[in-house]
Structures are given as structure tokens and as C-alpha cells.
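**Student:** Give me the fold of what follows.
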Amino acid sequence: MDKCTKCRKFGAKLFLKGDRCNTPNCALTRRNYPPGAHGTKKSNPRKSEYGLQLVEKQKAKAEYGLREKQFVNIFKRASKSAKNTGEQLFRLLEIRLDNIVYRLGWGVSRAQARQLVLHRKIQVNGKISNIPSLTVKSGDVISPVSKDLVKPSKVKIPNWIKVDEKSLKAEIKSLPTREDFDTDINDQLIIEFYSR
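**Tutor:** Alright, predicted model coming up:
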């Protein structure tokens, strides 16, 4: 499924194509209706409770660029935590190395950020890491192997990350809290989906 088709399917901008999603060329802006032959019909069939839960889970997977097995493993880790499962789920998604590279604006999309990591362009605490799913900890320092490899864009950097603009070193000040999650995904529906 095409990236723009996914945004139209879920009726929300998932920023899968980076900067294009903020322009008039965005598929969701031009065609704000579901994809397919029946997308333009005004009547939307009501979804069952299961259908709503499934769509929310698929939306989260698409936004963070994960496969089902990866997402299930992250959910299992979150549910074993003593903390709130929904908050812990999004915390584990946010502190993946590929997501942090995306949040820093070094990649215009999560797919590009993942590619930077896979191609050994990112260091964690001075050591090259090629594992996009690496979970970073508070106090970790992330930096590009060379300043020429990344083009910092003017994105709003989360307040739990401190960036030195000259050296392009980013330090994880603390783990993100619920207020820091920049997403409109309903975590409660995902919890209900996996609790069936």
C-alpha cells in the first residue's frame, strides 16, 4: 500500500513522506476521502468496536513504521511494566533510535531516519549503531558520524532531548511523559484490542 494511501485510509496525516505532508501536494489535502472505488460515497459504514480497535492499532503501526511482530513485542514489554500500559507503549515507541533521529529532524520521515541508522551513519555514546530498534536511555548521547551526513531541519525538538547545534550532539535528558507524545492515536483502543 502506498504511503499516501495509508494516510487517506486512516483519515489522518501520518507524515510518512516527510515535508510533502505539509504542502498542498499532500494526498490527504487533495483527496480527503478514503481510497478505493467507494471512497467518495458520503455514507461511511459504522465500524464495530473491534473495527475501531483494529484501525487504531494499524494506524500506530503505520505511523511508527513497524511490522506486526515488532509492535506486538513492544506492547508485551509495555504491558509487563508496572506503569500505565498506554503511556509505556508510546514511551517505548518514542525512545527507539530511529524515532529519535526522526524527532531531531535528521531524517524527513521515519523511513529515512531508519535508513540513516541502518547505513551506520548514527552514533550512540560515541559508538556506531545500526539497530533502528535500539532503546535509548536517559543520559545517552546521539550524534551523526559526520556533520555532513545530516541536514538539520527546523523541526520542533521535544523538550526531553537537548541538542547542541554546533556539534550536532543530542542528549536524552529524560524519558518522555504522556504530555510529550505528539500523536492523536488512542492508546486505550490498542490496549483493548490486545486484551481480547
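**Student:** rest of the way, CA atoms for contacts and neighbours
**Tutor:** Will do.
**Student:** Ramachandran coordinates for the spatially most central residue of the chain?
**Tutor:** The chain has Tyr64 as the residue nearest its centroid, 3.3 Å off, counting by CA atoms, centre = their mean. The phi/psi pair for Tyr64 (degrees, to the nearest 10) reads phi -90, psi 0.
**Student:** Next: Gln123.
**Tutor:** Here is the backbone geometry of Gln123 (degrees, to the nearest 10): phi -110, psi 150.
**Student:** Who is it paired with across the strands?
**Tutor:** Per DSSP bridges, the residues bridged to Gln123 are Ile128, Ser143.
**Student:** Determine the number of other residues adjacent to it.
**Tutor:** 19 (other CA atoms under 10 Å).
**Student:** just checking, it touches Ile142?
**Tutor:** Yes. With contact defined as CA atoms under 8 Å, Gln123 counts as touching Ile142 (5.7 Å).
**Student:** For this structure, which segments are assigned as strands?
**Tutor:** 122-124, 127-128, 141-144, 161-164, 169-172 (DSSP state E).
**Student:** gap between Asp140 and Gln115?
**Tutor:** 20 Å (CA to CA, to the nearest Å).
**Student:** And for Ile172?
**Tutor:** According to CA to CA, Ile172 and Gln115 sit 21 Å apart.
**Student:** Under the pLDDT cut-off, which ranges of this protein? List them.
**Tutor:** Filtered on pLDDT under 70, the chain yields the residue ranges 1-23, 25-34, 36-45, 152-153.
**Student:** domain ranges for it?
**Tutor:** Domain ranges of the chain: 3-83, 96-175, per automatic domain parsing.
**Student:** How about the contacts made by Arg96?
**Tutor:** Shown in contact with Arg96 (CA atoms under 8 Å, 6 or more residues apart in numbering): 132-136.
**Student:** hang on, isn't Ser109 packed against Tyr102?
**Tutor:** Yes. Applying CA under 8 Å as the test, Ser109 and Tyr102 come out as touching, 6.2 Å apart.
**Student:** Would you format the strands of the chain as JSON lines with distance to Ile185 included?
**Tutor:** Output for the strands of the chain, formatted as JSON lines (distance: least, CA to CA, whole Å):
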{"stretch": "strand 122-124", "distance to Ile185": "28"}
{"stretch": "strand 127-128", "distance to Ile185": "32"}
{"stretch": "strand 141-144", "distance to Ile185": "27"}
{"stretch": "strand 161-164", "distance to Ile185": "22"}
{"stretch": "strand 169-172", "distance to Ile185": "24"}
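**Student:** Okay, helices next: where are they in this protein?
**Tutor:** 3-10, 27-30, 49-64, 68-80, 85-94, 97-103, 110-118, 187-194 (DSSP state H).
**Student:** looking at those, which is buried most?
**Tutor:** helix 97-103 (a mean of 25; mean count of other CA atoms under 10 Å).
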